[in-house]
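Peer 1: requesting a structural model of the entry that follows:
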Amino acid sequence: MDMRPTEPVPTRKPDPMKKVLFAVLAVLMIAMNGVADVSASTSLDKIAAIVGNEIILDSDINEQELMLRLQFPDAKSDPQLRKKILDNLINQKIILTKAKIDTVKVDEKSVDDQAAARYTSLRAGFPTVSAMESRFGLPVNRLKQHIRDDIKDQQMIEAFRRKNFHEVTVSYDETMSFYQQEKDKLPVSPETVSVSQIIKMPMITEAEKQSSLDKIKDVQQKLATGGDFAALAREYSDDPGSREKGGELGYTSKGELVPSYEQTAYTLKPGQISGIVESRFGYHIIQLIDKDGDRIHTRHILAMFDRSKTDIPATIALLKSIRADVLAGKTTFAAMAEKYSDDPASATNGGVIVSGSGSPNLEVGSLRPDLQKIVEGLKNKGEISQPENIEPDNSAPFFALFMLNSREPAHTLTPERDFAKLEELAMNRKSQERFNAWIESLKKQVMVQVMSDI
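Peer 2: Next up is the predicted model:
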């Protein structure tokens, strides 16, 4: 089990990352039940392009094409999609080639940590290692190496970009000039809303909590009489992701773990073992292995709650009580989100849902259909929904309250109303123009040979 707080807020995923093998594999893992099996070894791979000493294979293009089509169904109608993917891969390889020539250095430990975390997350989606190997047509050692190589390449690319291509800014005059040139072609700003949420996973019955508590107390007694932590984790922990590694979760930074676990872990000294800690997963005993600045290396033993033994009426009653108190003015939605919500990301923000870019203004058309329907029913600022049962496609269902903070109707962009958005669009165009010119200058220094007729 990944101890990171990953319950999804009910919005769509943010824009896809730059090409990273793990991202492709993660998408395949998520879409596994709805997509025909695709193996990396279905056919003899061909070279699509050579960039310096780097090669781009047809399978590289296929992986990205599949990822985009899975995440963005409209991509199917773009006849230039594969060419755009190849052009982007060529640009990345050009930058990577120059980065290697310039001997750009990256933090190898950071690469290792990220690769390990991504592999662990990927592995959690399969019942066995052999099932994962069969799904992707790669032995586990090659899969791990692919993940690590790709992370390192991306870090080198980003380091080289930061060193040689600086972010651009635009002035007021440049923004207004952009508006005058493009105002007849500017997109309509879609309807947006700001919404807050309080998420509650179904509450566990008291009998089930007591059963898990009894189990972890038994493990605690074995530790007290000299039991080895790692051995006990392998024997008793209910966390499938860390059990075989003696309970180890690797290095994590603040904000990556569920709050109760993290708060306790940061108070420990290396080698020290905690008391019993409750989280929404169950009861933990934690040992701090090492501290490295703001990062900690921990292991744990988990007595997991059986999520089939829940008290749904109690969960709904709690949310109804919260709603009534907020509407009666006895408390605020933000205070209740911070106290009760099981989504740490929004709870620390007063329950406000933010987009992938960090904006609290969400495009209504980009919301999940179930949230769109809920938002449509909230007409006035401060209105709160009844407890809603949310069933995400790829994670456990939960219950939630939603409050409307504001609503902005669709409208044509104007400087008076949308200067910040116009400034962003002007900056994006200027940045793209600068980037294209930079890439063209690099192409004169790196041999590019396209071998495939895309």
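
Peer 1: need the three-state assignment for residue 405.
Peer 2: Counting by DSSP: H, G, I helix; E, B strand; the rest coil, the backbone at residue 405 sits in strand.

Peer 1: where does the nearest residue to residue 286 once chain neighbours are set aside sit, in terms of helix or strand?
Peer 2: Using CB to CB, 6 or more residues apart in numbering and skipping the chain neighbours, the partner closest in space to residue 286 is residue 274 (4.3 Å). (Glycine included, C-beta is placed from N, CA and C.) Per DSSP states H and E: residue 274 is located in strand 273-278.

Peer 1: same check on residue 285?
Peer 2: Secondary structure from DSSP H and E places residue 285 in strand 282-292.

Peer 1: repeat that for residue 429.
Peer 2: helix 415-443.

Peer 1: continuing past that helix, what's the next helix or strand?
Peer 2: Defined by DSSP H and E, the subsequent element after helix 415-443 is strand 448-450.

Peer 1: go through that following strand and flag the buried ones.
Peer 2: Neighbour counts using 16 or more other CB atoms under 10 Å place residue 448 of strand 448-450 among the buried residues.

Peer 1: and for stretch 296-315?
Peer 2: Within stretch 296-315, the residues scored as buried using 16+ other CB under 10 Å are 296-305, 310-311, 315.

Peer 1: taking those residues together, which two end up most distant?
Peer 2: 297 and 311 (35.9 Å; CB to CB).

Peer 1: and the spatially closest residue to residue 402 that is not a sequence neighbour, how many neighbours?
Peer 2: Nearest non-adjacent residue to residue 402, counting by CB to CB, 6+ apart: residue 385, 4.6 Å away. Neighbourhood size, residue 385 [other CB atoms under 10 Å]: 18.

Peer 1: check contacts around residue 385.
Peer 2: 374, 377-378, 401-403 (CB atoms under 8 Å, 6 or more residues apart in numbering).

Peer 1: just the ones in helices from those, please.
Peer 2: Mapping these onto helices (DSSP state H) picks out residue 374.

Peer 1: out of the contacts of residue 385, which are buried?
Peer 2: Among the contacts of residue 385, the ones that count as buried by 16+ other CB under 10 Å are 374, 378, 401-403.

Peer 1: want to throw those into JSON lines with distance to residue 278?
Peer 2: Shown next, in JSON lines, are the buried ones among the contacts of residue 385 (distance: CB to CB, whole Å):
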{"residue": "374", "distance to residue 278": "30"}
{"residue": "378", "distance to residue 278": "33"}
{"residue": "401", "distance to residue 278": "23"}
{"residue": "402", "distance to residue 278": "27"}
{"residue": "403", "distance to residue 278": "28"}
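
Peer 1: closest one of those residues to residue 76?
Peer 2: For these, the nearest to residue 76 is residue 374 (29.1 Å; CB to CB).

Peer 1: quick one: that closest one from residue 380, how far?
Peer 2: 14 Å (CB to CB, to the nearest Å).

Peer 1: for residue 229, same thing?
Peer 2: Taken as CB to CB, the span from residue 229 to residue 380 is 54 Å.

Peer 1: can you report phi and psi for the residue lying closest to residue 389 once chain neighbours are set aside?
Peer 2: Excluding the flanking residues, the one nearest residue 389 by CB to CB, 6+ apart is residue 399, at 5.8 Å. The phi/psi pair for residue 399 (degrees, to the nearest 10) reads phi -110, psi 150.
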